[in-house]
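> Compute the structure for the input listed below.
(one chain, ligands or ions: 3)
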Amino acid sequence: MEFSIKQGSPEKLRNGCVLVGVFEGGKLSDAAQALDKLSQHYISDIIARGDMTGKAASTLLLHKVPDVASERVLLLGLGKPAELDSRQYRDCVRAAMRALHATSAKDALLYLAELPVKGRDSAWCINQAVLAAYETAYRFDRLKSKPEKDKKVLKKIQFGLLTAKPTAVLESALIQAAAIAQGMVLAKDLGNLPGNICTPSYLAQQALSLAKSHKTIKTTVLEEKDMQKLGMGSLLSVTQGSAEPAKLITLEYHGADKKQKPVVLVGKGITFDSGGISLKPGGEMDEMKYDMCGAASVLGTIQAIAEMGLKLNVVGIIPSSDNMPSGSASKPGDIVTSMSGQTIEILNTDAEGRLVLCDALTYAAKFEPDTVIDIATLTGACIIALGHVASGLYSNQDKLAQELLAAGEQTQDKAWHMPLWEEYQSQLDSNFADMQNIGGRPGGSITAACFLSRYTKAYRWAHLDIAGTAWKSGKDKGATGRPVPLLTQYLINRVAGAK
Ligand code: BES
Ligand code: MN
Ligand code: ZN
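Numbers count the residues shown, from 1 in each chain. Ligands and ions are numbered 1, 2, ... in the order given. As a prediction, the model looks like this:
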């Protein structure tokens, strides 16, 4: 899809479809008013007849509106003007994009940028509309033998501005949003690919091909023997039962001066989590192909910032492995030594995410990071705590937590700050090793974060538990591409803040 911003009123610009908003109660947006006037109240007549009430996220497609140059007019209900907040705007824009994709219009002109959304500017409106355009167009049908029939034809989207000129701020909002949306597509594709295709080796290939297409990215892949030399006994214990070789993938993105300390993103890359010897129950076990969505979000974010040429140094680290039961698999009760030297009693082989992450987090120190953020589908307990709305956020520094929360709020990719209090740490006490890998049922997401905190004392660190937000179950099963928007926005904000 191609996006641009254009100044002008809707009646003059010719397009496959022009979209204008109408409010509940009959009030027209400024763009709708312009069309209404030109078409001799064609639109207000329809509203008077009651066929378009302006209810939020409702749409009505009109053909051949008198004196309007565009072939179609799409009316979009915006709800009550007083209620047009971020969430409502997003719902409306998604509905509009779905309706647009259902037409055979090849290009469209959307008057969405200047709507009065509470606390938001035009740049924000454009950002959310671009994300919605990609979101609603996304299909994962590459593994069907026959391609689906509803091929999307919409190629060009213009954002119309009635009065303001397309400024550099708006243009860069457009570029950034498209890069984020494409990063989400990469993250979704990787998440949706099954475990027999998306293996640790496949993720390594993806990282190598990102380096091939962007000369600002350098990718290195460590093999099991390299990890052995580094003393990554914890990570290696997870791959022990699997036929697929584990990989430790590193992507270095250089967008700023070599001397600038990087932000390191560490993504859990378990390409299938059967639970190992502590085998999971069979129902929905297929969804454990999504256990690499942390890794996918790192790849998506790095692709996005490379596309927009962000002036920052970022390192992505992906510890990737399968977690399988077999004669060679690790067993409950096994004790392993992590790269940090700390020993771990594995009481449950299904708590494998923290076992691969702890060694990757120790390894991260080698890059002398300014900040380290790990992203992981870490605990079912996080879904119980926060559902599918917010990712669980933990940090050893409140300021970093606030910055990540703000980026999530800005992109509507929300997170919620969870406690990392000392009182929870004793749940990890072991009789035989420095710690055990599970802390019992109470506060399961918190004790998982506590486990990681024992490996991140050397730097500023945050942890995102995305178990509830990385994919959807049920009829609409599929990866969401989260938290690529949150992470990318955080990095953008860092650059903007440093100026
Ligand atoms: N990948 C899972 C977490 C998960 C479960 C994500 C369900 C999404 C949906 C993780 O490796 C895991 O199995 N965690 C265990 C930890 C427990 C054994 C302490 C869990 O949450 O049950
Ligand atoms: Mn598990
Ligand atoms: Zn897992």
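> contacting residues for the closest residue to ligand 1 within the stretch 101-250 of the chain?
Closest contact between the stretch 101-250 of the chain and ligand 1, by CB to the nearest ligand atom, is at residue 238 (9.7 Å). To be clear about C-beta, it is placed using only N, CA and C from the backbone, and glycine gets the same treatment. Counting by CB atoms under 8 Å, 6 or more residues apart in numbering, residue 238 makes contact with 246, 270, 276, 321, 323, 330, 352, 355, 356.
> Let's see that with 7 Å instead.
By CB atoms under 7 Å, 6 or more residues apart in numbering, the contact set of residue 238 is 321, 323, 352, 355, 356.
> for residue 361, same thing?
By CB under 7 Å, 6+ apart, the contact list for residue 361 reads 266, 372, 374, 452, 455, 456.
> from what I can see, it looks like it's in a strand, true?
No. Assigned with DSSP: H, G, I helix; E, B strand; the rest coil, residue 361 falls outside any strand and is helix.
> Need the three-state assignment for the residue of the stretch 101-250 of the chain closest to ligand 1.
Quick answer, by three-state DSSP: residue 238 is helix.
> Just the pLDDT at it, thanks.
pLDDT recorded at residue 238 is 99.
> one step back: the contacts of residue 361: which ones sit near ligand 2?
Checked against ligand 2 using CB under 5 Å from the ion, those yield no neighbours at all.
> what separates the longest strand along the chain from the chain centre, distance-wise?
In the chain, with assignment by DSSP state E, the single longest strand is strand 313-323. Taking CA atoms, centre = their mean, to the nearest Å, the mean C-alpha location of strand 313-323 is offset from the chain mean by 16 Å.
> Sheet partners, orientation included, of it?
strand 247-254 (antiparallel), strand 263-267 (parallel), strand 269-273 (parallel) (DSSP bridges).
> Tell me which stretches of this protein form helices.
Secondary structure of the chain (DSSP state H): helices located at 30-38, 42-49, 86-102, 122-137, 168-192, 200-213, 224-230, 233-239, 293-308, 353-364, 380-386, 398-411, 444-453, 484-498.
> list the helices and strands the longest one packs on?
This points to helix 168-192. With contacts taken as 3 or more CB pairs under 7 Å, 6 or more residues apart in numbering; DSSP states H and E, helix 168-192 sits against strand 2-7, helix 122-137, helix 293-308, strand 478-479, helix 484-498.
> Could you export the ones you listed as TSV, including mean neighbour count and mean pLDDT?
Output for the helices and strands packed on helix 168-192, formatted as TSV (neighbours: other CB atoms under 10 Å; pLDDT from 0 to 100):
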stretch	mean neighbour count	mean pLDDT
strand 2-7	14	96
helix 122-137	22	97
helix 293-308	29	98
strand 478-479	20	98
helix 484-498	21	96
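> So which of the ones you listed is nearest ligand 3?
helix 293-308 (9.7 Å; CB to the ion).
> packing partners for the closest one?
For helix 293-308, the packing partners by 3+ CB pairs under 7 Å, 6+ apart come out as helix 168-192, helix 200-213, strand 247-254, strand 263-267, strand 313-323, strand 371-376, helix 484-498.
> wait, does that helix contact ligand 3?
No. Helix 293-308 lies apart from ligand 3 when judged by CB under 5 Å from the ion; the minimum separation is 9.7 Å.
> returning to that earlier point: nearest residue to the residue of the stretch 101-250 of the chain closest to ligand 1 in space, please, no chain neighbours.
Leaving aside its sequence neighbours, residue 238 sits nearest to residue 352 (CB to CB, 6 or more residues apart in numbering; 4.6 Å).
> Just to check, the one you found is in contact with residue 274?
No. The criterion here is CB atoms under 7 Å, and residue 352 misses it with residue 274 at 9.8 Å.
> overlap in contacts of these two?
Listed as contacting both residue 352 and residue 274 by CB under 7 Å, 6+ apart are residue 323.
> who's more crowded, the two?
A direct count of neighbours by other CB atoms under 10 Å for residue 352 and residue 274 places residue 352 higher, at 29 against 24.
> Contact partners for the more buried one?
Contact partners of residue 352, counting by CB under 7 Å, 6+ apart, are 238, 270, 273, 276, 323.
> residues near residue 389, how many?
10.
> Which pLDDT value goes with it?
98.
> Could you find the closest non-adjacent residue to the residue of the stretch 251-400 of the chain found nearest ligand 1?
Distance from ligand 1 to each residue of the stretch 251-400 of the chain (CB to the nearest ligand atom) is smallest for residue 380, at 3.4 Å. In this structure, residue 380 finds its nearest non-sequential neighbour in residue 467, 6.3 Å apart by CB to CB, 6+ apart.
> ok, and the most crowded of the contacts of residue 361?
residue 374 (31 neighbours).
> which one is it nearest to, not counting chain neighbours?
residue 266 is the one closest to residue 374 (CB to CB, 6+ apart), at 4.0 Å.
> Spit out the contact partners of that neighbour.
Here residue 266 is in contact with 317, 357, 360, 361, 364, 372, 374 (criterion: CB under 7 Å, 6+ apart).
> pLDDT and distance to residue 213 added to those residues, as TSV?
Shown next, in TSV, are these (pLDDT from 0 to 100; distance: CB to CB, whole Å):
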residue	pLDDT	distance to residue 213
317	99	20
357	99	28
360	99	24
361	99	28
364	99	25
372	99	26
374	99	26
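> Could you identify the most distant pair in these?
Using CB to CB, the two most remote members of the contacts of residue 266 are 357 and 372, lying 10.8 Å apart.
> Next, find the distance separating the residue nearest to residue 380 from ligand 1.
4 Å (CB to the nearest ligand atom, to the nearest Å).
> so who does that residue touch?
377, 378, 379, 380, 382, 383.
> Then residue 230?
By CB under 7 Å, 6+ apart, residue 230 lies in contact with 339, 363.
> Tell me the predicted confidence for it.
98.
> Can you report how many residues neighbour the residue of the stretch 251-400 of the chain closest to ligand 1?
Around residue 380 there are 14 residues (other CB under 10 Å).
> do the same with the one 4 residues further on
Residues contacting residue 384 under the criterion other CB under 10 Å number 13.
> Give me the distance between it and ligand 3.
Look at residue 384 and ligand 3: by CB to the ion, to the nearest Å, they are 16 Å apart.
> Which residues of the stretch 251-400 of the chain lie near ligand 3?
So the stretch 251-400 of the chain meets ligand 3 at 270, 273, 291, 353 (CB under 5 Å from the ion).
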